[in-house]
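Asker: Show me how the following folds:
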Amino acid sequence: MMKRRKFDKAFKLEVVKRSLGETTVKALSEELGINKSVIFRWRTAYLETGEQLSFPGQGNESLSEEHKEIRNLKKALEEKELELEILKKAINIFSKKDRVSTNSYK
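Answerer: Numbering: from 1, shown residues only. Model prediction:
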């Protein structure tokens, strides 16, 4: 089994820039021993996010401040919706107890 190779951001950027300019993906793939699909994936990431946000490394998301705020707000909204659902269930449970007749004095 082959050990998975890791490439740093600078190397990926260099490969992408070369693939967009002076050489083909096939030639780069053969020269560097990297699968063509990997190079195409790197190119897509680069073209979609730009140089600054592409290839953050270690599985960390590369988000702008606006995207980070949106993610945090969505998380807070989900938590509040869950709290609201719990409160609704609690109100329902307690209101049912109040409706039960206790006519045991007959």
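Asker: From here on, just use CA atoms for contacts and neighbour counts.
Answerer: Noted.
Asker: mind listing the helices for this structure?
Answerer: Ranges of helices within the chain are 9-20, 25-32, 36-53, 65-99, based on DSSP state H.
Asker: okay if I get those as a markdown table plus distance to residue 3, mean neighbour count and mean pLDDT?
Answerer: Formatted as a markdown table, those follow (distance: least, Cα to Cα, whole Å; neighbours: other Cα atoms under 10 Å; pLDDT from 0 to 100):
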| stretch | distance to residue 3 | mean neighbour count | mean pLDDT |
| --- | --- | --- | --- |
| helix 9-20 | 19 | 15 | 88 |
| helix 25-32 | 16 | 14 | 90 |
| helix 36-53 | 16 | 14 | 84 |
| helix 65-99 | 34 | 11 | 88 |
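Asker: Let me see the contact set for the nearest residue to residue 35 once chain neighbours are set aside.
Answerer: The shortest distance from residue 35 to any non-neighbouring residue, by Cα to Cα, 6 or more residues apart in numbering, is to residue 29 (5.7 Å). Residues counted as contacts of residue 29 (Cα atoms under 8 Å, 6 or more residues apart in numbering) are 35-36, 39.
Asker: Against residue 69, how distant is residue 80?
Answerer: Distance, residue 80 to residue 69, using Cα to Cα, to the nearest Å: 16 Å.
Asker: coming back round to it: quick check: the residue nearest to residue 35 vs residue 65, distance?
Answerer: 35 Å.
Asker: Over to residue 89?
Answerer: Distance from residue 89 to residue 65, by Cα to Cα: 36 Å.
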